[in-house]
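# Turn this into a model:
(chains A and B)
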Amino acid sequence: MHRTLARPAFDVETVRKDFPILQGHVWCKPLVYLDNAATSQKPRAVLEAVDRYYREHNSNVHRGVHWLSGAATKDYEGARDKVRAWLNAAGREEIVFTRGTTESINLVARSFLRPRLKPGDEVLVTEMEHHSNIVPWQIVCGEAGAKLSVVPIDDRGELLFDEKLLTPRTRLFAFVHASNALGTLNPAKDLVRAARARGIPTLVDGAQAVPHMRVDVRDLGCDFYAFSGHKLFGPTGIGVLYGRKELLDAMPPYQGGGEMIRRVTFEKTTWNDIPYKFEAGTPDIAGAVGLGAALDYLGALDAEALHDHEATLLARATEALSAVRGLRILGTARRKVSLVTFDLEGVHPHDIGQILDQEGVAVRTGHHCAQPVMDRFGVPATARASFAFYNTLAEVDALVAALGKVRELFA
Amino acid sequence: MSDELRELYQELILDHNKKPRNRRVMADATADADGYNPLCGDKIHVFVKVEGGRIADVSFDGIGCAISTASASLMTTSLKGKTLAEAREIFERFHEMVTGEPGAPVDGEALGKLAVFQGVCEFPVRVKCATLAWHTLKAAIDRSQDRVTTE
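Residues are numbered from 1 along each chain as shown, chains lettered A, B, ... in the order given. This is a model prediction of the structure:
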């Protein structure tokens, strides 16, 4: 297809038809799915790609001489090429398939950071991290006698970054691109630049950023970028670690097994090249295929129109929720992805979630795996409505109406 | 609003959520314990004063959802004056009710006002909310000083 062909204007109702689950009902009410930050729904193109893979190409990759194995390998490696292009990485060997963001981060903690970490060293994270960008570092720091230091956040949920936090002992700066608990979109490029100026490597947790924006890892300049397929409209069980070639080359394997080796004797094993060195065992081939299909699907949509639509959803939700009596929004950063975290005076978030559910509105309640954020704002839990490009303004209104029922019950 | 939801959030539950009874720290408790529900971040502390094998006083402190707060409150009002054996028996009946089949017969004699929590059985994720205070009390009575979780 020629790039010069005009793309059709973005129409949310048309796009929604691509997502079978969005046509469904919950408790006899139309489903209003506002828990996209937890996981996104999957377009038919993804479901069909996974189904087709299992029906027509299912086989193991990289090792068979038979036709099917070649077809499966082509599918799997084709998905890697799609991810490379999506992130604008320099080479396909810089794309490692993992189970998800969490495993990507653990891989870096174990294979990159742990061997470099000495007593007294520091790993810098931020106060708005998801537990999965805290705990892996904490574990290796504990082993090495190193410590975590933290970039604090202000009352709006913006980073209070100070270059002094990057010290001569800082071995890695790991931070979230967009916060799952507050929605804050961090100035990733500036943060990376500050770290690089001091020769400090960076890992960016992109789990909540990639569903809302195009990310160019070379433009960002980061050393590692991690995200999950399932939040990007792909299947669960597949994730990505982007790593700069020089760093991946120098790292020892993460797990031992098949695929990651070149030659094994009982005396010695030589490692395979990257990225295969980090992909021990049979990978989630169907997951990779599904992720590739998700990227194809997204690529055919007008990224700018999606972004504008989500900005409209966020603005409407912020305005309408602010008008609900007793409702407080946590996370009012100037740059946000489309999610709103809130609490309601006199009503526990768990009760909010239960009543909204009965109205067909799915939101997340709890600590969002970001307990330090909850502590920062002095709340045990919150409710969170998180949007995707397939949500509508009518669904924002449904959320607000359902919150009216919560108020009514807890008057 | 659905019937199931009305069944869950009965007036008595909403009332005890709004005005919890016996929510206070007890200075002269003979036993106490911490309870925590990591799912929703609910934290509760239960105090109990046992005299001559009977619960002379029972109270709680902490924050939680409407179901867990009302359950703690109604637990305290139901157990004062009961023997420890009676308290354990009531908890067993209560647990059977909230984990049982919707519409199953309830032992009204044993449970009294606690029967108001029957609607919880329609919502399995809320069972932990309804039983947190009870598990915590049991831990206190068992003289366990360990932190209790519903996990």
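# The residue nearest to residue A:271 when sequence neighbours are not counted: how many residues sit nearby?
Nearest-residue entry for residue A:271: residue A:277, 4.8 Å, with adjacent residues in sequence omitted and distances by CB to CB, 6 or more residues apart in numbering or on different chains. (Each C-beta comes from the backbone N, C-alpha and C, glycine too.) Residue A:277 has 22 neighbours, counted by other CB atoms under 10 Å in any protein chain shown.
# near chain A, which residues of chain B show up?
Where chain B comes near chain A, counting by CB under 8 Å from any CB of the partner chain, the residues are B:1-2, B:4-5, B:8-9, B:14, B:17-18, B:39-43, B:63-67, B:69, B:123, B:126, B:129.
# Just the buried residues of these.
Neighbour counting by 16 or more other CB atoms under 10 Å in any protein chain shown classes B:5, B:8-9, B:14, B:17, B:39-43, B:64-67, B:69, B:123, B:126, B:129 among the residues of chain B next to chain A as buried.
# Tell me who's in contact with the residue nearest to residue A:271.
A:248, A:251, A:253, A:260, A:271 (CB atoms under 8 Å, 6 or more residues apart in numbering or on different chains).
# Let's see stretch A:204-222 as PDB, backbone CA atoms only.
Extracted in PDB, the C-alpha atoms of stretch A:204-222 (Å, rounded to 0.1, in the frame of the first residue of the first chain):
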ATOM      1  CA  VAL A 204      12.900   3.000  31.200                       C
ATOM      2  CA  ASP A 205       9.700   1.100  32.200                       C
ATOM      3  CA  GLY A 206       7.500   1.800  29.300                       C
ATOM      4  CA  ALA A 207       4.500  -0.500  30.200                       C
ATOM      5  CA  GLN A 208       2.100   2.400  30.600                       C
ATOM      6  CA  ALA A 209       3.600   4.600  27.900                       C
ATOM      7  CA  VAL A 210       3.500   2.400  24.800                       C
ATOM      8  CA  PRO A 211      -0.300   2.000  24.700                       C
ATOM      9  CA  HIS A 212      -0.600   5.800  24.400                       C
ATOM     10  CA  MET A 213       2.200   7.000  22.300                       C
ATOM     11  CA  ARG A 214       4.900   6.000  19.800                       C
ATOM     12  CA  VAL A 215       8.200   5.500  21.400                       C
ATOM     13  CA  ASP A 216      11.500   5.900  19.600                       C
ATOM     14  CA  VAL A 217      14.300   4.300  21.700                       C
ATOM     15  CA  ARG A 218      17.100   5.900  19.700                       C
ATOM     16  CA  ASP A 219      15.500   9.300  20.200                       C
ATOM     17  CA  LEU A 220      15.100   8.700  23.900                       C
ATOM     18  CA  GLY A 221      18.700   7.500  24.100                       C
ATOM     19  CA  CYS A 222      18.000   5.000  26.900                       C
END
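# what helices or strands is the strand or helix carrying residue A:354 leaning on?
Assigned by DSSP states H and E, residue A:354 falls within helix A:349-358. When contacts are defined as 3 or more CB pairs under 8 Å, 6 or more residues apart in numbering or on different chains; DSSP states H and E, helix A:349-358 packs onto strand A:364-366, strand A:382-386, helix A:393-409, helix B:3-8, helix B:66-79.
# Tell me which of those lies nearest to residue A:162.
Taking CB to CB, strand A:382-386 is the member of these nearest to residue A:162, at 27.2 Å.
# can that closest one be found next to chain B?
No: Strand A:382-386 lies out of reach of chain B by CB under 8 Å from any CB, never closer than 9.5 Å.
# Can you give the contact residues for that strand?
By CB under 8 Å, 6+ apart, strand A:382-386 touches A:34-38, A:181, A:183, A:317, A:321, A:330, A:338-344, A:349, A:352-353, A:356, A:363-368, A:374, A:399.
# in stretch A:122-134, what's buried?
Here stretch A:122-134 shows A:122, A:123, A:124, A:125, A:126, A:127, A:128, A:129, A:130, A:132, A:133, A:134 as buried, counting by 16+ other CB under 10 Å.
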